[in-house]
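Student: the sequence and its predicted three-dimensional model are supplied below.
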Amino acid sequence: MIELRTLLSRHAQDGRVAWIGIRPKRHDSMVPQSDVHVLQDGLSGDHARPGKRAVTLIQAEHLPVIAALIGRQDIAPDILRRNILVSGLNLSALRGAILSVGTARLRITTVCAPCSRMETALGHGGYNAMRGHGGWCAEVVAPGHLSLGDPVQVVEHAQ
């Protein structure tokens, strides 16, 4: 029988950076980026919340779920206002883990709950469609640089 600790450390594959966005000011629209510097307080040029919420991540696999829950074919990642769209890795299984994203290191800290603006951005029911699919916040453990297509790898599992 496999120990739970072993199961929790196994991932079928690394993830990939599928989209990057910053918002220069609070309430500004997201601005897509092909690459970005990760500073101690968040992404360069982003209106971030330093500390445990410096960077926000969301799974690409959740976008079709959110779209289905509001009756749409698809959703562009910028509408959801998260910084990094990751594909191929279950972020929900990584709370407390440190990820290598490009040359930066991020620690997944807490759920990134939707705000009431999602009701306006996505339409009727948008807030509830995001619940459980809104992504994760992360703190910067080590600054670096990331680009579209960079691998997202677990370098240290939660203790």
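Tutor: Thanks, I have the structure now.
Student: for the rest of this, base every contact and every neighbour count on C-alpha atoms.
Tutor: Fine.
Student: check contacts around Asp46.
Tutor: For Asp46, the contacting residues are 22-25, by C-alpha atoms under 8 Å, 6 or more residues apart in numbering.
Student: so where's this protein uncertain?
Tutor: 12, 159 (pLDDT under 70).
Student: picking up where we left off before, just the contacts of Asp46 now: which is nearest Thr109?
Tutor: The shortest gap between Thr109 and any of those belongs to Ile22, at 19.4 Å (C-alpha to C-alpha).
Student: I'd guessed that closest one sits against Pro32; true?
Tutor: Yes - with contact defined as C-alpha atoms under 8 Å, Ile22 counts as touching Pro32 (6.6 Å).
Student: contacting residues for the closest residue to Val111 other than its chain neighbours?
Tutor: In this structure, Val111 finds its nearest non-sequential neighbour in Trp136, 4.5 Å apart by C-alpha to C-alpha, 6 or more residues apart in numbering. Trp136 makes contacts with 56-58, 91-92, 108-113, as judged by C-alpha under 8 Å, 6+ apart.
Student: now do Glu119
Tutor: By C-alpha under 8 Å, 6+ apart, Glu119 lies in contact with 125-127.
Student: tell me which entries of the contacts of Trp136 lie within helices.
Tutor: Within the contacts of Trp136, no residue falls in helices by DSSP state H.
Student: would you list the residues you listed in TSV and tack on distance to Ser44 and neighbour count?
Tutor: TSV is the format used below for those (distance: C-alpha to C-alpha, whole Å; neighbours: other C-alpha atoms under 10 Å):
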residue	distance to Ser44	neighbour count
Thr56	13	27
Leu57	15	23
Ile58	19	27
Leu91	23	19
Ser92	25	15
Ile108	19	26
Thr109	20	21
Thr110	21	17
Val111	22	21
Cys112	20	21
Ala113	23	15
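Student: out of those, which one sits closest to Glu156?
Tutor: Checking the contacts of Trp136 against Glu156 with C-alpha to C-alpha, the nearest one is Ile108 at 10.8 Å.
Student: among the contacts of Asp46, name the buried ones.
Tutor: For these, a burial check counting by 16 or more other C-alpha atoms under 10 Å picks out 22-23.
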